[in-house]
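1. Sequence below, structure please.
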Amino acid sequence: MQDQVLIEALAFGGSGLGRVEGKVVFVPGAVPGDEVRFRPVREKKHFIEGELVALIRPSAERREPPCPVFGHCGGCQWQQLPYEGQVLWKERIFADFFTRQLGLSPDILAPLLAAPSEWNYRSRMQFKCRQSAQGFVMGFYRGGSHFVVDVASCPIAAPAINHALTLFRRWLPAAPCPREIPQLDLAVDDEGRVAAVVHCLAQDIRPLAQYLAPLVAEAGFSLHVQSGRKSTLNAVHDLGDLHIRPLADNSLRLAYAVGGFAQVNLEQNRRLVAQVLAAAGPLKGLRVLDLYCGMGNFSLPLAQAGAEVVGVEDFPPAIERARGNAQAHGLAAAFFCRPVEGALAEELAGRHFDLVILDPPRSGAKDAVRALMRLRPRRILYVSCDPATLVRDLKPLIHNGYRISGAQGIDLFPQTYHLESLTCLETQI
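-> Prediction:
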């Protein structure tokens, strides 16, 4: 069974949205203005999820995607839409979460902060690997599957990552155990240093390490081999930590561990940090709590501006780097290596903070928000990478005496539907 639909909008998740006989239809790959033929793959009472079969009449907004595997690889959803259109729809989708689900006026929303560059921005990527009958394949999973789409290079990856990918595509098929290599992680920092993590399921990783060591040394890369969780990282050619510079004036140089977290768009991260500092206002003497602080991406710019900062993070290497970064810059900041909920319930219980900043993972901060309502800071800055979990977490704060004084989307992820944001809350009581 196939049907036709005119696409009217884009939905969070990346699909084009239309309506057929009163039901909402979601069609991945379609953009507003497209008239498409689709095949229903899942149908519920009020909506249909469809598969794009054919473009009957393409939208005037369409462009030719530059990536030869776009539509097969699951990494990007919107390459077929010019970047100006992506910005417009991200702004609309973000506003829709606030107006429809929170009942707020769109007047509180600042314009979306678009990325200066829509290509070659990603500083960290994970490439899936598989030894197939046709040879060794490296790339990304096809959407909704574990089928690896082979990728020679990626237009949203930093040039240094594409260069490293080219080399590993030559090296790994000839490795001692190509069938035991499920993934390659590549990262490049603000100083151009490349670090690679090769995941290996072999019982003995030494032959792989010995094979790769001279190759990465000649290329000038760091290399670790990981045989399980992050705790199993084994250094093969260790050139030390990676570094980011979170301020436009480059006055801070923050180390983070190979395999650790840093924002994937380093240029936009600087603009995000600048927005947080601007939203925080005068900081001298302000008591600030930074939850999910990582290696100090927000904590240390805040401390440099005069705040008394406490950071909380449950990943030990990140806290180790946060403390080292503070010491390297002569900044006074205290850091706890604890799950956020535990720190709020124990070490930080009863303490007063003027401002709390939280930057949780995509799953949000549901449990932390409950504890925050007991801590009751005067102001909260919530940095989110998922509008759905953000809105879920904002609702109890709004119902318990906080009001949203402003919010802004920040595009760290061009060519995808993903969106970073900053929301400012203040107590009303």
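
2. Note down every partner strand of the strand or helix carrying Val41 and its orientation.
-> Using DSSP states H and E, Val41 falls within strand 35-43. Partner strands and pairing direction for strand 35-43 (DSSP bridges) are strand 3-6 (antiparallel), strand 47-57 (antiparallel).

3. Out of these, which one sits most buried?
-> Mean neighbour counts were compared across these using mean count of other Cβ atoms under 10 Å; the top stretch is strand 3-6, at a mean of 18. Any C-beta I mention is one placed from the backbone N, CA and C, and that applies to glycine too.

4. chain center to that one: distance?
-> Relative to the chain's own centre, strand 3-6 is displaced by 33 Å; criterion: Cα atoms, centre = their mean, to the nearest Å.

5. next structured bit after it?
-> Using DSSP H and E, the helix or strand that follows strand 3-6 in sequence is strand 9-10.

6. Which SSE is immediately downstream of that next one?
-> Past strand 9-10, the next helix or strand by DSSP H and E is strand 16-20.

7. For that following strand, the averaged confidence score.
-> Rounded to a whole number, the mean pLDDT of strand 16-20 is 97.

8. Pull out the buried residues from that strand.
-> Judged by neighbour count (16 or more other Cβ atoms under 10 Å), strand 16-20 contains these buried residues: Gly16, Leu17, Gly18.

9. for stretch 126-134, same thing?
-> When neighbours are counted by 16+ other Cβ under 10 Å, the buried residues of stretch 126-134 are found to be Phe127, Lys128, Cys129, Arg130, Gln131.

10. list the contacts for Ala280?
-> Applying Cβ atoms under 8 Å, 6 or more residues apart in numbering, one finds that Ala280 lies in contact with Leu286, Val288, Leu302, Ala305, Ala307, Leu355, Ile357, Leu381.

11. For those, name the two members farthest from one another.
-> Considering Cβ to Cβ, no two members of the contacts of Ala280 lie farther apart than Ala305 and Leu381, which are separated by 13.7 Å.

12. which of the contacts of Ala280 lies closest to Gly29?
-> Taking Cβ to Cβ as the measure, Gly29 lies nearest Leu381 of those, at 35.8 Å.

13. burial count for the closest one?
-> Under the neighbour criterion other Cβ atoms under 10 Å, Leu381 is assigned a count of 22.

14. Over to Asp107?
-> Under the criterion other Cβ under 10 Å, the count of neighbours that Asp107 has is 6.

15. Would you verify that Leu212 is located in a strand?
-> No. Assignment of Leu212 by DSSP: H, G, I helix; E, B strand; the rest coil gives helix, placing it outside any strand.

16. coming back round to it: kindly reformat the strands paired with strand 35-43 as TSV containing distance to Pro173 and mean pLDDT.
-> Below are the strands paired with strand 35-43 laid out as TSV (distance: least, Cβ to Cβ, whole Å; pLDDT from 0 to 100):
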stretch	distance to Pro173	mean pLDDT
strand 3-6	43	95
strand 47-57	33	96
